[in-house]
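J.: return a 3D structure for these sequence lines:
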Amino acid sequence: IAKEAMEAVANTERTPELMAGLAKLVDEGEVLLAQKKYDEALGNYVRVMPFEPENSRAQAGMAWAMVGLKRPAADRIWNVAAQRDPAAIEKLGEVLQEKGDREGALGVWRKLAQTRPDYARQSGLDRRLQ
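T.: Numbers count the residues shown, from 1 in each chain. Predicted structure coming up:
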């Protein structure tokens, strides 16, 4: 992002309306992921991340969208998200399942279990996948 754009984001007032709009983009991104519309979902997350770089839900969704698109940086972004907040990724699987994408949920959980076997054992995710 250009320096001017980064400064504009940094100087943007975090109003309740802005925060609600960002939350709506994340919610919509999850619906788009469940519909396997990875490019559109990624667009939502790209709009959120400059304002909320610590948003674990957005990071998890962005990582899965990039995996779905087979982007070159997908594994790196996935690994960062999995190390940072594996519970957010597990929750993404639950959200996908709730939205009717059982296959996507299993994919998220399997990739998470491969990436973070320690987390999968501690959380019981490995038992859910058996």
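
J.: where does this structure have low pLDDT?
T.: Counting by pLDDT under 70, the chain shows low-confidence ranges at 1.

J.: what's the first helix or strand after the helix or strand encompassing Gln97?
T.: Applying DSSP states H and E as the criterion places Gln97 in helix 86-98. Going down the chain from helix 86-98, the next helix or strand is helix 102-115, by DSSP H and E.

J.: now that next one - C-alpha only, PDB.
T.: In PDB, the C-alpha atoms belonging to helix 102-115 read as follows (Å, rounded to 0.1, in the frame of the first residue of the first chain):
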ATOM      1  CA  ARG A 102     -19.400 -29.200   4.900                       C
ATOM      2  CA  GLU A 103     -16.700 -29.900   2.300                       C
ATOM      3  CA  GLY A 104     -15.100 -26.500   2.900                       C
ATOM      4  CA  ALA A 105     -15.300 -27.000   6.700                       C
ATOM      5  CA  LEU A 106     -13.500 -30.300   6.500                       C
ATOM      6  CA  GLY A 107     -10.900 -28.800   4.200                       C
ATOM      7  CA  VAL A 108     -10.200 -26.000   6.700                       C
ATOM      8  CA  TRP A 109      -9.900 -28.400   9.600                       C
ATOM      9  CA  ARG A 110      -7.700 -30.900   7.700                       C
ATOM     10  CA  LYS A 111      -5.300 -28.100   6.600                       C
ATOM     11  CA  LEU A 112      -5.300 -26.700  10.200                       C
ATOM     12  CA  ALA A 113      -4.600 -30.200  11.600                       C
ATOM     13  CA  GLN A 114      -1.700 -30.600   9.200                       C
ATOM     14  CA  THR A 115      -0.300 -27.200   9.900                       C
END
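
J.: so which bits of the helix holding Gln97 are buried?
T.: The neighbour-count check on helix 86-98 (16 or more other Cβ atoms under 10 Å) flags Pro86, Ala88, Ile89, Glu90, Lys91, Leu92, Gly93, Val95, Leu96, Gln97 as buried. Every residue, glycine included, has its C-beta placed from N, CA and C.

J.: of those, which is the nearest to Pro72?
T.: Nearest to Pro72 among the buried residues of helix 86-98 is Ile89, at 20.1 Å by Cβ to Cβ.
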